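1. Test case, fold it:
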Amino acid sequence: MDKFTLYHTEGCHLCEQAFELLNAQLQSEQIILRDIVEEPELIEKYQFIIPVVANKNNQELGWPFDEQTLKEFIN
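-> Presented below is the predicted three-dimensional model:
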């Protein structure tokens, strides 16, 4: 079962929307949440582009994305 990382931060309404889309397509144990404020290198990389979903191959899907785009990325 593949896992996907959602780079996000608290209070980000776009991140909440991305989580809802992920949660609708994956089981909860497949979703890894990483709050970018916990690591300086993540802040530097993602502060202006979150939410971002990454797969096990480190391929990334940046916002904006919809249900169909996310489904294609997951598969």
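
2. Could you pull out the helices in the protein for me?
-> For the chain, applying DSSP state H gives helices covering 13-25, 40-46, 67-74.

3. Need those helices in JSON lines (columns: mean neighbour count).
-> Bear in mind the C-beta positions are built from the backbone N, C-alpha and C, glycine included. Formatted as JSON lines, the helices of the chain follow (neighbours: other C-beta atoms under 10 Å):
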{"stretch": "helix 13-25", "mean neighbour count": "15"}
{"stretch": "helix 40-46", "mean neighbour count": "13"}
{"stretch": "helix 67-74", "mean neighbour count": "13"}
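
4. Lys56: which of the ones you listed is closest?
-> When the helices of the chain are compared by C-beta to C-beta, helix 67-74 sits nearest Lys56, at 11.3 Å.

5. and for the closest one, what are the contacting residues?
-> Asp2, Phe4, Leu21, Leu22, Ala24, Gln25, Leu26, Val53, Asn55, Gln59, Leu61, Phe65 (C-beta atoms under 8 Å, 6 or more residues apart in numbering).

6. hmm, which two among these are most spread apart?
-> Ala24 and Gln59 (20.4 Å).

7. Can you lay out the helices of the chain as CSV showing distance to Leu33?
-> Supplementary listing: the helices of the chain in CSV, determined by distance: least, C-beta to C-beta, whole Å:
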stretch, distance to Leu33
helix 13-25, 8
helix 40-46, 12
helix 67-74, 16
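
8. Redo these as TSV? Include mean pLDDT and distance to Ile32.
-> Below are those laid out as TSV (pLDDT from 0 to 100; distance: least, C-beta to C-beta, whole Å):
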stretch	mean pLDDT	distance to Ile32
helix 13-25	97	10
helix 40-46	97	13
helix 67-74	97	14
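
9. wait, which of these is closest to Ile31?
-> Across the helices of the chain, Ile31 has its closest neighbour in helix 13-25 (5.5 Å, C-beta to C-beta).

10. Outside of that closest one itself, list whatever touches it.
-> 4, 6, 8-9, 31, 33, 50-51, 53, 63-67, 70-71, 74.

11. re earlier: closest to Leu42 out of the contacts of helix 67-74?
-> Out of the contacts of helix 67-74, the member with the shortest distance to Leu42 (by C-beta to C-beta) is Val53, at 14.0 Å.
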